[in-house]
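Visitor: Predicted model follows, preceded by the sequence.
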Amino acid sequence: MEKKHDKLITLLGLVAIVALQTAWLYNTYSLIRANIVEKSNLLVKDALELEVNHRMSKIELRTPITIETGGTNKESVFVCTSLHDKVFRKLGSDISLVALDSIYTDLLKKEQIQSNIIINKLYPKQNIVLESTSKEKASQWGTITTRPIPIRLDNSRAIRVILTNPYWDIFGRMSLLLIATVLMMIFVAGCIVYQIKIIAKQNQIARARQDFSYAMIHDMKTPLTSIAMGISMLKSGKIDNQPEKKAKHLRIMEEETEHMLKLSNKVLTLSKLESGKLELIKQEVNLPAMIENLTEIFAIKATKPIRFNTQLEAETAYADEEYLREAVSNLIDNAIKYSNESVQIDIFSKENEKDETVIGVRDNGLGISMKDRKSIFEKFERAAATERSGKGGATGFGLGLNYVQRVVEAHEGTIELNSIEGEYSEFTIHLPKFINEI
């Protein structure tokens, strides 16, 4: 339910951001367009005045043409109309659309308005075009059309200008805003995707921890039960006269106690590694002795036949022996868990060209798929183990490989995995060799 709420809140937040940004862009666009419409209308009158003055300058006037002037914009338009009308009626000189086109284009450029134009002379009442600077009819979409300005006092003729592509100019003025909007939306989208990934990861970790708790309680219940039964049997005195049976119960109790102690130490070590508080006591570790001891222990405890092959070219490693031993032990334990009935484990050590000590553990087991390799070292990761081992999965808490990786990293080393599903898995630990510190 909480997951659905998270998605809904995220979606609503994204919609709100997009809506606000869209409203902001639309308002900006409307203001710029309104400004261009207003200027283009005013410039028509100015262009008409310049055009008629240009014609009058080329005509030798015997009788001066006088026009009454007014103060308001409406009266100014009337003066322009009256001037055009008198020049036409008295001098027989009509407006030149070509000259008007050139004048109007220059006025637009001065106002930094970039657009192609079409100038029409028309019957304003019937909206019929008499003459035009373009043979093609302008599209109704994506254009700005000015108000018709009469050039006859009887309103029988008027001039109207059409800006055919003003939106390139509008969007040009909005370019910085549009770029900023795109970058902001990409940033917001990235943040939301990152947030979703974090939430998904947190949910995954929460589920893993819950599974870990269940598994830990279940696995601890068995040794605790064995210990409790052993204590009860010893207290009852029933086996006081049976030394072999008494020793057996004591050995079982000791093993179960050791098992729980190892698990507790592993969890504690991981906690210290994550907080950076783990202190390593590095020294020269005798690898043959350590490996021999581990193989003997696993050979005795194993419930299926195991064959160990060791090839130890490097006899020492610079590490904390306790943690390195536990890391190698985990790799061997995994090799046994995820192998078939007949197990062969190859353990080797060598020195490479990078001046590192390499320790490898290879099995003939079930292998690891490409998909599972991405998460195999994650904490509490047991999904891949369940699929690989079958029959409900091997026992454990998903801490083993994560423990190995963190211990190796604490030694400033690396761990690599090479595997073919259904054939083998090989883990190699690379540890820096000892360097004398001054």
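Guide: Right, received. Where do you want to start?
Visitor: least trustworthy helix or strand in this structure by mean pLDDT?
Guide: Between all helices and strands in the chain, the lowest mean by mean pLDDT, DSSP states H and E belongs to helix 383-389, at a mean of 50.
Visitor: Any buried residues in the helix or strand that comes right after it, and which?
Guide: Next in sequence after helix 383-389, counting helices and strands by DSSP states H and E, comes helix 400-410. Of all the residues in helix 400-410, those buried under the rule 16 or more other Cβ atoms under 10 Å are 400, 401, 402, 403, 404, 405, 406, 407, 408, 410. C-beta coordinates here come from the backbone N, C-alpha and C atoms, glycine included.
Visitor: Then stretch 40-58?
Guide: 40-45, 47-52, 55.
Visitor: Just the closest of these to residue 325, please.
Guide: Proximity of the buried residues of stretch 40-58 to residue 325 (Cβ to Cβ) peaks at residue 40, which lies at 85.4 Å.
Visitor: now the buried residues of stretch 40-58 as CSV including pLDDT and secondary structure?
Guide: Listed next are the buried residues of stretch 40-58 as CSV, based on pLDDT from 0 to 100; DSSP: H, G, I helix; E, B strand; the rest coil:
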residue, pLDDT, secondary structure
40, 90, helix
41, 91, helix
42, 91, helix
43, 92, helix
44, 91, helix
45, 90, helix
47, 91, helix
48, 91, helix
49, 89, helix
50, 91, helix
51, 89, helix
52, 88, helix
55, 85, helix
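Visitor: ok, the residues you listed vs residue 232, which is closest?
Guide: Closest approach between the buried residues of stretch 40-58 and residue 232, by Cβ to Cβ: residue 40, at 100.5 Å.
Visitor: Would you map the strands across the stretch 1-150 of the chain?
Guide: For the stretch 1-150 of the chain, applying DSSP state E, counting those that start in this stretch gives strands covering 117-123, 128-132, 144-145, 149-150.
Visitor: Between those, which one is closest to residue 229.
Guide: Nearest of the strands of the stretch 1-150 of the chain to residue 229, taken as Cβ to Cβ: strand 144-145 at 93.3 Å.
Visitor: Outside of that closest one itself, list whatever touches it.
Guide: Residues from elsewhere that reach strand 144-145 (Cβ atoms under 8 Å, 6 or more residues apart in numbering): 33, 36, 37, 40, 115, 160, 161, 162, 163, 166.
Visitor: Spell out which two among these are the most distant pair, please.
Guide: Across the contacts of strand 144-145, the longest distance by Cβ to Cβ is 18.0 Å; it joins 33 and 160.
Visitor: between the buried residues of helix 400-410, which is closest to residue 251?
Guide: residue 400 (25.0 Å).
Visitor: Contact partners for that closest one?
Guide: For residue 400, the contacting residues are 330, 333, 334, by Cβ under 8 Å, 6+ apart.
Visitor: Apply 6 Å and report the result again.
Guide: Shown in contact with residue 400 (Cβ atoms under 6 Å, 6 or more residues apart in numbering): 330, 334.
Visitor: Output the contacting helices and strands for the longest helix belonging to the chain.
Guide: Using DSSP state H, we find that the single longest helix of the chain is helix 175-236. Applying 3 or more Cβ pairs under 6 Å, 6 or more residues apart in numbering; DSSP states H and E, one finds that helix 175-236 contacts helix 2-57, helix 243-275.
Visitor: starting at the chain centroid, how far to it?
Guide: Averaging C-alpha coordinates over helix 175-236 and over its chain gives two centres that are 20 Å apart (Cα atoms, centre = their mean, to the nearest Å).
Visitor: between it and helix 2-57, how many degrees?
Guide: Calculated by axes from the mean of the first three to the mean of the last three Cα atoms, to 10 degrees, helix 175-236 forms an angle of 170 degrees with helix 2-57.
Visitor: and helix 175-236, average pLDDT?
Guide: Taken as a whole, helix 175-236 has a mean pLDDT of 77.
Visitor: so residue 344 sits in a helix?
Guide: No - assignment of residue 344 by DSSP: H, G, I helix; E, B strand; the rest coil gives strand, placing it outside any helix.
Visitor: residues touching residue 49, list them.
Guide: Neighbours of residue 49 in contact, by Cβ under 6 Å, 6+ apart: residue 80.
Visitor: sorry, that was for residue 359
Guide: Going by Cβ under 6 Å, 6+ apart, residue 359 touches 349, 429.
Visitor: one step back: closest one to residue 426 out of the buried residues of stretch 40-58, please.
Guide: Nearest to residue 426 among those is residue 40, at 76.5 Å by Cβ to Cβ.
Visitor: Number of residues surrounding the nearest residue to that closest one once chain neighbours are set aside?
Guide: The shortest distance from residue 40 to any non-neighbouring residue, by Cβ to Cβ, 6 or more residues apart in numbering, is to residue 146 (5.4 Å). By other Cβ atoms under 10 Å, 20 other residues sit near residue 146.
Visitor: do residue 247 as well
Guide: Look at residue 247: counted by other Cβ under 10 Å, it has 11 neighbours.
Visitor: Just the pLDDT at it, thanks.
Guide: 83.
Visitor: Neighbours of the residue lying closest to residue 121 once chain neighbours are set aside, how many?
Guide: Spatially, and ignoring its direct neighbours in sequence, residue 121 is nearest to residue 131 (4.3 Å; Cβ to Cβ, 6+ apart). For residue 131, the neighbour count with other Cβ under 10 Å is 13.
Visitor: swap in the one 10 residues further on?
Guide: A count of nearby residues for residue 141, using other Cβ under 10 Å, gives 6.
Visitor: any idea how far residue 163 is from it?
Guide: Remark: distance between residue 141 and residue 163 (Cβ to Cβ, to the nearest Å) = 13 Å.
Visitor: just residue 198 next, same as before
Guide: Distance from residue 198 to residue 163, by Cβ to Cβ: 50 Å.
Visitor: Compare the two and say which one has the larger neighbour count.
Guide: Counted by other Cβ under 10 Å, residue 198 and residue 163 do not tie: residue 163 has more neighbours, with 24 against 10.
Visitor: how far off helix 243-275 does the longest helix of the chain point, in degrees?
Guide: Note on geometry: by the same axes, to 10 degrees, helix 175-236 and helix 243-275 are set 160 degrees apart in direction.
Visitor: Could you pull out the buried residues of stretch 104-122?
Guide: The neighbour-count criterion (16+ other Cβ under 10 Å) identifies 104, 105, 107, 108, 113, 115, 117, 118, 119, 120, 121, 122 as the buried residues of stretch 104-122.
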